[in-house]
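>>> model this:
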Amino acid sequence: MRLQAIELTKKYGDQVALNGLNLSVEPGEVFCLLGQNGAGKTTTINLFLGFTGASSGQALVNGILVSPDEAKTKQFLAYIPEVVMLYANLTSLENLDFFSRIAGFAYERTALEQYLLQAGLQPEAFHKPVGNYSKGMRQKVGIAIAVAKNAAAILMDEPTSGLDPKATHEFSEIVKQLSAAGKTIFMATHDIFNAVNVGTRIGIMRQGSLVHTLNAKDISAGDLQKLYLETI
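Numbering: from 1, shown residues only. Purely as a prediction, here's the structure:
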């Protein structure tokens, strides 16, 4: 399922948050978007999700304009923010069951457990309140929710921020599995090493404009860091 931006622009008064973005992310791709805070990464995600409207241009999900069809396009999407919002007093199983039902899916307990296992959550955590979870564990529940709602595209905003190296590695491996399964992944990140490790393509934004787009396999983390610092 394709995510597409055509001359996508967002202004807040006189401030240009996103300036004529042209971009297409294909099924099975992991597109990692780098840039400083305020470069337009989160704005791009919010436009695809319909959280805000474009000033001009188009955001399309599966060939459908996000505006005015936010309700229709959201059925194809899942969102994993920097901090996954879950009900702290509920277990991961209860959270997964709740959010799946909101999306129109009712699963048996064994199916819910399987989704959590696939997301890398340890079985002993299934019945513990998520208020006691680490950030990495919460991210895994977020992935399980995305998969359980059968989202064709998953948008992620700084998903590895604050994760230790082990948790980052585990998260990256799960993203690779989702990509291999044909999911479209769009990730805003500051993590240059992870972008090279998990991404298929990498974009660098500056002041609302997409300045560079490159294949991850064609660049090392060191060279990407150098290009990034030269760009910003």
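
>>> quick one, helices of this structure?
For the chain, applying DSSP state H gives helices covering 41-49, 70-74, 92-102, 109-118, 135-148, 165-180, 192-198, 221-231.

>>> closest one to Gly28 among those helices?
Closest to Gly28 of the helices of the chain is helix 165-180 (Cβ to Cβ; 5.5 Å). Heads up, the C-betas are built off the backbone N, CA and C, glycines and all.

>>> How about that closest one, which residues are buried there?
Across helix 165-180, burial judged by 16 or more other Cβ atoms under 10 Å covers Ala167, Thr168, Glu170, Phe171, Ser172, Ile174, Val175, Leu178, Ser179.

>>> how close does the second one get to Gly136?
When you say that, I think you mean Thr168. According to Cβ to Cβ, to the nearest Å, Thr168 and Gly136 sit 8 Å apart.

>>> now the first one
As judged by Cβ to Cβ, Ala167 and Gly136 stand 3 Å apart.

>>> And the fourth one, by the same measure?
Spatial separation of Phe171 from Gly136 under the definition Cβ to Cβ is 7 Å.

>>> Report the central residue of the chain.
Met156 (1.7 Å; Cα atoms, centre = their mean).

>>> Now do that one against Gly57, distance only.
22 Å.

>>> can you check Leu178 too?
28 Å.

>>> Likewise for Lys74?
19 Å.

>>> quick one: contacts of the lowest-mean-pLDDT helix or strand in the chain?
Lowest on mean pLDDT, DSSP states H and E among the helices and strands of the chain sits helix 70-74, with a mean of 87. By Cβ atoms under 8 Å, 6 or more residues apart in numbering, the residues outside helix 70-74 that reach it are Leu49, Gly50, Val61, Asn62, Ile64, Leu65, Val66.

>>> Filter those residues down to the ones in strands?
Val61, Ile64, Leu65 (DSSP state E).

>>> Can you select the buried ones from those residues in ChimeraX?
Buried members of the ones in strands among the contacts of helix 70-74, defined by 16+ other Cβ under 10 Å, are picked up in ChimeraX with:
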select :61,65
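
>>> Just put the ones in strands among the contacts of helix 70-74 in JSON lines and tack on pLDDT and distance to Ala39.
Shown next, in JSON lines, are the ones in strands among the contacts of helix 70-74 (pLDDT from 0 to 100; distance: Cβ to Cβ, whole Å):
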{"residue": "Val61", "pLDDT": "96", "distance to Ala39": "22"}
{"residue": "Ile64", "pLDDT": "94", "distance to Ala39": "27"}
{"residue": "Leu65", "pLDDT": "94", "distance to Ala39": "25"}
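
>>> Looking at the ones in strands among the contacts of helix 70-74, which is nearest Asn89?
Nearest to Asn89 out of these is Val61 (Cβ to Cβ; 33.3 Å).
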